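Asker: Task: produce atomic coordinates for the following.
(one chain, ligands or ions: 2)
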Amino acid sequence: MEIEGRTLTPREIVKELDKYIIGQNDAKKNVAIALRNRWRRMNVKSDIQNEIIPNNILMIGATGVGKTEIARRIAKISDAPFTKVEASKFTEVGYVGRDVESMVRDLMEQSINLVKTKKKETVKEKAEQMVEEIILDALIPPIKGNATVFKPGIENNTDGTEIEKQLTDVELNEKTRERFREKIRNKELDDRKIEVSVKTPGNSGVGMIGGGMIDEASMINLQEMIGNMMPKKTKKRKVTIEEARKILMEEESAKLIDMDEVKEEAISKAENSGIIFIDEIDKIAGKGSKGSGPDVSREGVQRDLLPIVEGSAVSTKYGVVKTDHILFIAAGAFHVAKPSDLIPELQGRFPIRVELDNLTKADFIRILKEPKNALTKQYQALFESEEVEIEFTDESIEDIAEKAFHINEEVENIGARRLHTVLSSLLNDLLYDVPDVIGANAKIVITKEMVDEKLSSLVQNRDLSQYIL
Ligand SMILES: Nc1ncnc2c1ncn2[C@@H]1O[C@H](COP(=O)(O)OP(=O)(O)OP(=O)(O)O)[C@@H](O)[C@H]1O
Ligand SMILES: [Mg+2]
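Answerer: Ligands and ions are numbered 1, 2, ... in the order given. Modelled structure (predicted):
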């Protein structure tokens with residue numbers, strides 16, 4: 001994200017993250033530094049720019065303490081291409097080595113979108129004019145040439161009296177068009193339907209070629225190649241003007257931007273400011289056992305990951321992307337495996353280790369109340385849509401946090417995720433009763449007593465809480 005056209009400073013990044021994530025200051029700080037370092041490197045003037053490699057980060061923390069949430073938020077904050085993958089997906093059956101490269105392809109896809117959106121913004125005005133013209137032509141087709149037939153028209157005289165004036169067809173047509181242009185601009189005709197021709201890419205229908213013998217990159221290229229050779233079909237569709245405006249904007253702005261330029265810029269953006277978040281990396285950390293089975297493929301995935309993290313060239317359908325300066329952030333709970341179970345080469349590529357703290361009851365209280373997307377706020381919004389107001393007393397929130405913490409200790413520690421299950425058990429009946437029993441304009445106050453009544457029996461009964469909470 002940018003403020004007044006400049007990138008955020010580390011402190012500003014942390015402040016942004018603070019709006020959504022409670023605690024975890026160490027992780028936030030390191031992420032903020034890494035993000036800012038991308039910008040710093042790009043502003044290095046000398047040759048050393050190319051030598052500065054990103055300090056990849058490994059986030060270690062129990063389940064449900066905010067690892068993925070941090071990733072999600074930096075995706076929004078950084079004005080950089082960002083993609084998130086689950087490392088475990090590469091150990092699935094049917095995995096072939098080069099699939100790992102798909103993360104770079106995804107990143108490139110994001111980058112293209114970013115650059116395209118920016119470029120579209122610059123041609124927006126022009127595209128809007130063109131779209132207006134097309135819609136107008138569909139409504140009132142222009143008459144060409146100088147027709148000589150005169151038609152009576154009405155025009156106001158200077159003194160306000162109407163006089164009859166002879167207008168040519170062309171003039172009449174022009175006048176009508178101007179009137180409608182005004183209406184289109186004011187969105188008065190948005191519900192009216194017009195016919196627009198939409199281009200649909202020629203379908204190649206070669207999804208099956210190769211049958212696993214061919215890797216994804218070549219597959220995509222092949223499909224595109226064949227797709228481009230097929231004639232583009234235009235299809236006529238009847239849509240409302242509102243919808244037509246969207247479809248046409250898409251088409252007209254695409255015509256106005258230079259795709260080669262977009263590709264070039266997007267490659268540079270992905271290479272220099274791209275961020276790849278590899279979640280669940282502990283799932284590919286084998287114990288180094290010699291046995292067969294999943295461990296082999298886990299280490300295999302690490303080996304495949306290595307060149308990408310170390311820097312290699314990956315071909316995408318937009319061109320070759322070099323991964324040397326892409327920032328990688330990996331995260332994992334490391335309950336079973338330890339970071340040292342990763343192959344040494346890979347460990348070395350994640351020099352910054354940050355540990356996320358286990359969440360305390362006090363954190364739970366804050367998580368329930370403070371983040372912009374806090375659970376209590378989410379439920380309030382849900383009830384509000386039915387015009388029912390719901391309020392949580394401070395004591396009730398404390399009690400919810402207390403119970404969630406207790407169950408985490410007793411049953412299984414799933415971190416802040418426990419708050420989701422506890423709150424939904426607490427509020428389910430109310431959600432069911434609105435609006436049939438509890439109608440609009442009602443006000444519900446959640447008190448400590450209510451929380452106790454609803455949840456105490458569940459919390460005290462280990463078996464029950466195992467299943468329900
Ligand atoms: N520190 C925190 N502040 C605010 N919300 C949090 C925090 N930690 C977790 N949450 C909330 O808990 C939920 C789960 O968190 P998240 O997905 O980040 O877990 P995780 O650390 O990635 O766990 P896992 O290892 O299981 O993937 C999210 O809805 C998130 O909003
Ligand atoms: Mg996660």
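Asker: make it CA atoms for all contacts and neighbour counts henceforth
Answerer: Noted.
Asker: Tell me how far residue 102 lies from residue 121.
Answerer: Residue 102 sits 29 Å away from residue 121, going by Cα to Cα, to the nearest Å.
Asker: quick one: which of these two has more around it?
Answerer: Higher neighbour count among residue 102 and residue 121: residue 102, with 16 against 12, using other Cα atoms under 10 Å.
Asker: For the helix or strand harbouring that one, buried residues please.
Answerer: Assigned by DSSP states H and E, residue 102 belongs to helix 102-139. Along helix 102-139, these residues count as buried under the neighbour rule (16 or more other Cα atoms under 10 Å): 102-112, 114-116, 119-120, 123-124, 127-128, 130-132, 134-136, 139.
Asker: which strands and helices sit next to it?
Answerer: Where contact means 3 or more Cα pairs under 8 Å, 6 or more residues apart in numbering; DSSP states H and E, helix 102-139 is packed against strand 82-86, helix 169-185, strand 193-200, helix 241-256, helix 259-273, strand 275-279, strand 313-316.
Asker: Among the ones you listed, show me which one is buried the most.
Answerer: strand 275-279 (a mean of 24; mean count of other Cα atoms under 10 Å).
Asker: That one vs ligand 1: in contact?
Answerer: No - using Cα under 6 Å from any ligand atom, strand 275-279 stays clear of ligand 1, with a minimum separation of 7.2 Å.
Asker: what helices or strands is that strand leaning on?
Answerer: Partner elements for strand 275-279 (3+ Cα pairs under 8 Å, 6+ apart): strand 82-86, helix 102-139, strand 327-332.
Asker: mean confidence score for that strand?
Answerer: Computed over strand 275-279, the mean pLDDT rounds to 94.
Asker: ok, that strand: who's next to it in the sheet?
Answerer: With DSSP bridges as the test, strand 275-279 is paired with strand 82-86 (parallel), strand 327-332 (parallel).
Asker: Reformat the ones you listed as CSV; add distance to ligand 1 and mean pLDDT.
Answerer: Shown next, in CSV, are these (distance: least, Cα to the nearest ligand atom, whole Å; pLDDT from 0 to 100):
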stretch, distance to ligand 1, mean pLDDT
strand 82-86, 10, 92
strand 327-332, 6, 94
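Asker: Spell out which parts of the stretch 1-150 of the chain neighbour ligand 1.
Answerer: So far as Cα under 6 Å from any ligand atom goes, the stretch 1-150 of the chain lies against ligand 1 at 20-23, 62-69.
Asker: who wins for neighbours among the residues you listed?
Answerer: residue 21 (26 neighbours).
Asker: ok, that residue to residue 416 distance?
Answerer: In terms of Cα to Cα, residue 21 sits 11 Å off from residue 416.
Asker: Check residue 60 too.
Answerer: Separation of residue 60 from residue 416 (Cα to Cα): 16 Å.
Asker: and if you look at residue 38?
Answerer: Taking Cα to Cα, one finds residue 38 at 31 Å from residue 416.
Asker: Next up, phi/psi of the residue in the stretch 301-450 of the chain that ligand 1 sits nearest to, please.
Answerer: For the stretch 301-450 of the chain and ligand 1, the shortest gap (Cα to the nearest ligand atom) falls at residue 416, measuring 4.2 Å. Backbone torsions for residue 416, taken as degrees, to the nearest 10, come to phi -70, psi -10.
Asker: That one: neighbour count?
Answerer: Counted with other Cα under 10 Å, residues neighbouring residue 416 total 23.
Asker: mind listing what it touches?
Answerer: 64-66, 359, 364, 367 (Cα atoms under 8 Å, 6 or more residues apart in numbering).
Asker: picking that back up, quick one, the helix holding residue 102 and strand 82-86 angle?
Answerer: Per axes from the mean of the first three to the mean of the last three Cα atoms, to 10 degrees, the angle that helix 102-139 makes with strand 82-86 is 130 degrees.
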